[in-house]
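Undergrad: Next one to model:
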Amino acid sequence: MRHLVNGVLFAPHAVLQDHCVPHLSSKLEKTMMSENNDDARTASGITRRGFTAMVGAGVALGATGATTRGSSARADAQQNELRRRPTHTFRNAMSISPFTDTMMRQGLTFTDGSRTARSAEALQRLFVAHGASELYARIATKRFAQQDDAEHGFLAGLDKARLARRLGLPFNPELGLWKIYGDVSHQPAPDFSNYPKIRLPGPWSTLTLAQMTHAMRQYGSEVAQQILRTGVDVNVWDLGNEVEFGVAGVALRSFTESTDYFSYAAPDNVDPEIGRVSVVDLFSMPDRNAFLEQHLWPYVGALFAAVADGVRRVDRHARFTTHTSTVSLQLPGLLPAFWRAMGNAGFEVDELGVSYYPTSSGGTLATFQATATALKAQFGRPVFIAEGGYPTGTMDAPFAWNSPLVGYPQDDDGQSRFYRDVSAWGRATGVLSGIRPWAPDYAVGGWQPMSFFTPNGTLASAKPALDAVASGIRSA
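TA: Residues are numbered from 1 along each chain as shown. Here you go, the predicted model:
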């Protein structure tokens, strides 16, 4: 979740009534790309020039040989058997974020009162001490993908995979399928220029669905090889980010039509109707789900199925999910129609992902619980809160979400009780597979009330919510 301002994600009920197109703040529209700097380094110390040489030698992204990882065949078989078994452990997916390295470079230190973290590894260890059970990475198709103060590049994702292995944690990669970044506000096309074996016959927006799925299958295989070659165990492959209005450039014209790294282009050779209807138009349509079921979701599902097929060529028993935005919770009937369409298109998931930011619309926790319960009953899969957030104070623009749930004020206690209660309920009922507090370490700027830390100068001290998910799991 990033970018949206004064729009659906901030007050979705208002947007659905007014059909207003939200506007991005100029700050969040900008990127900090520096792709021309060949000597810039990743956290692992690899320069861009060095990375290019690695690709040419078949060491990095371009290698697609039979090797799946450096472990023995017996170890591979054991790991695949573990992945094949369904997990009943509630996922406390509290993790370092795409913003961690930037904050560390700015000198911010994190503490829970007894531990101090001055590096990404130390911070993830702190999270583990408070119940975190996995490590997450959001991964773009570009090797470097700097967006404001976040880094989504593939090399940063590999660094996190290695960190997860060192810490003995499962790894949850989110393959965004976009060049730099995308969410419900915009879904840019992928950029496969760092993958020499993926050769496109033309610009992405001009391709047919068959041409796109061929490339996506190759991408899934290549990226899975590189991630698993680190020796990490992937618990769930998460494809896309807030995808109910499209993915990988096959998307409706949404709230953001252009950024420094993106300009909307309709995928007319997939279906010309896609480019003729905007998300705002969609809100006015009484048959919006029927339109999406006919003109968008079959293609979204086919793209996901292709990536999943590529991943399974490397990770035979891979588990998958994707997730919709918090907007989807406000649109009647959309979620069951979406998941049904994914299955019909051949994309079978193990978890039903959704972003849930309650103060964007208010109401009661019981409303969300009823929706999640119905989804679990209909599809036989648990719901995963892929992005969750509850603020401890007033949220300012660009995230002005200030409609608290009944019984949960926007303060330290309300935030902690929200995470504890939703986790306890989800674990006890089996309706939820877990929750990922979104960017719990992003303790600066407009996201600070959502984070699990309060900064004072260069020291960020933990809020009670740091223990809330673990507390909820224990009480279930």
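Undergrad: burial of the closest residue to residue 200 other than its chain neighbours, as a residue count?
TA: Among residues not flanking residue 200 along the chain, residue 215 sits closest, at 6.1 Å (C-beta to C-beta, 6 or more residues apart in numbering). Just so you know, the C-beta spots here come from the backbone N, C-alpha and C atoms, and that holds for glycine as well. The local packing of residue 215 (other C-beta atoms under 10 Å) involves 23 other residues.
Undergrad: same thing with residue 260?
TA: 12.
Undergrad: Kindly list the main-chain dihedrals of it?
TA: phi -70, psi -20 (degrees, to the nearest 10).
Undergrad: Give me the pLDDT value at residue 34.
TA: We have a pLDDT of 33 for residue 34.
Undergrad: circling back to that earlier point, contacting residues for the residue nearest to residue 200?
TA: Residues near residue 215 by C-beta atoms under 8 Å, 6 or more residues apart in numbering: 190, 192, 198, 200, 207.
Undergrad: Return the members of these classed as buried.
TA: Buried by 16 or more other C-beta atoms under 10 Å: 190, 192, 198, 207, out of the contacts of residue 215.
Undergrad: Just give me the closest of those residues to residue 379.
TA: Of all these, residue 379 sits closest to residue 190, with 27.8 Å by C-beta to C-beta.
Undergrad: Is that closest one in a helix, a strand, or coil?
TA: What DSSP: H, G, I helix; E, B strand; the rest coil gives for residue 190 is coil.
Undergrad: In this structure it contacts residue 247, no?
TA: No. Under the criterion of C-beta atoms under 8 Å, residue 190 makes no contact with residue 247, lying 9.6 Å away.
Undergrad: Residues that sit against both of the two, list them.
TA: With C-beta under 8 Å, 6+ apart as the test, residue 190 and residue 247 both reach residue 177.
Undergrad: Which single one of the contacts of residue 215 is nearest to residue 437?
TA: Nearest to residue 437, judged by C-beta to C-beta, of these is residue 190 at 27.8 Å.
Undergrad: quick one: contacts for the closest one?
TA: Contact analysis of residue 190 by C-beta under 8 Å, 6+ apart lists 141, 177-179, 204, 215-216, 219, 248-249.
Undergrad: For it, which non-adjacent residue is spatially closest?
TA: Closest to residue 190 by C-beta to C-beta, 6+ apart is residue 141, at 4.3 Å.
Undergrad: residues contacting that neighbour?
TA: 154, 176-179, 190-192, 194-195, 219.
Undergrad: any chance you could map the strands in the stretch 151-300 of the chain?
TA: All strands of the stretch 151-300 of the chain, identified by DSSP state E, counting those that start in this stretch, fall at 171-175, 237-239, 246-247, 250-251, 258-259, 262-263.
Undergrad: Nearest to residue 325, out of these?
TA: Of all the strands of the stretch 151-300 of the chain, it is strand 246-247 that lies closest to residue 325, at 11.6 Å by C-beta to C-beta.
Undergrad: got the contact list for the closest one?
TA: Residues from elsewhere that reach strand 246-247 (C-beta under 8 Å, 6+ apart): 177, 182, 187, 239-240, 252, 254, 274, 296, 300, 303-304, 322.
Undergrad: chain center to it: distance?
TA: Distance, stretch centre to chain centre, for strand 246-247: 13 Å (C-alpha atoms, centre = their mean, to the nearest Å).
Undergrad: partners of that strand, with directions?
TA: Paired neighbours of strand 246-247 in the sheet (DSSP bridges): strand 250-251 (antiparallel).
Undergrad: Might you list the low-confidence residue ranges for the stretch 101-250 of the chain?
TA: The model of the stretch 101-250 of the chain has no residue with pLDDT under 70.
Undergrad: Please, where are all the helices along it?
TA: Taking DSSP state H, counting those that start in this stretch as the test, the helices found in the stretch 101-250 of the chain are 120-129, 154-167, 209-228.
Undergrad: Export those as JSON lines, with columns for distance to residue 340.
TA: Listed next are the helices of the stretch 101-250 of the chain as JSON lines, based on distance: least, C-beta to C-beta, whole Å:
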{"stretch": "helix 120-129", "distance to residue 340": "35"}
{"stretch": "helix 154-167", "distance to residue 340": "31"}
{"stretch": "helix 209-228", "distance to residue 340": "20"}
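Undergrad: In a markdown table: the strands of the stretch 151-300 of the chain, plus mean neighbour count and distance to residue 400.
TA: What follows is the strands of the stretch 151-300 of the chain, written out as a markdown table (neighbours: other C-beta atoms under 10 Å; distance: least, C-beta to C-beta, whole Å):
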| stretch | mean neighbour count | distance to residue 400 |
| --- | --- | --- |
| strand 171-175 | 26 | 26 |
| strand 237-239 | 27 | 27 |
| strand 246-247 | 28 | 25 |
| strand 250-251 | 26 | 25 |
| strand 258-259 | 16 | 21 |
| strand 262-263 | 16 | 24 |
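Undergrad: May I see those organised as JSON lines, with distance to residue 360 added?
TA: Converted to JSON lines, these look like this (distance: least, C-beta to C-beta, whole Å):
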{"stretch": "strand 171-175", "distance to residue 360": "21"}
{"stretch": "strand 237-239", "distance to residue 360": "21"}
{"stretch": "strand 246-247", "distance to residue 360": "21"}
{"stretch": "strand 250-251", "distance to residue 360": "21"}
{"stretch": "strand 258-259", "distance to residue 360": "22"}
{"stretch": "strand 262-263", "distance to residue 360": "23"}
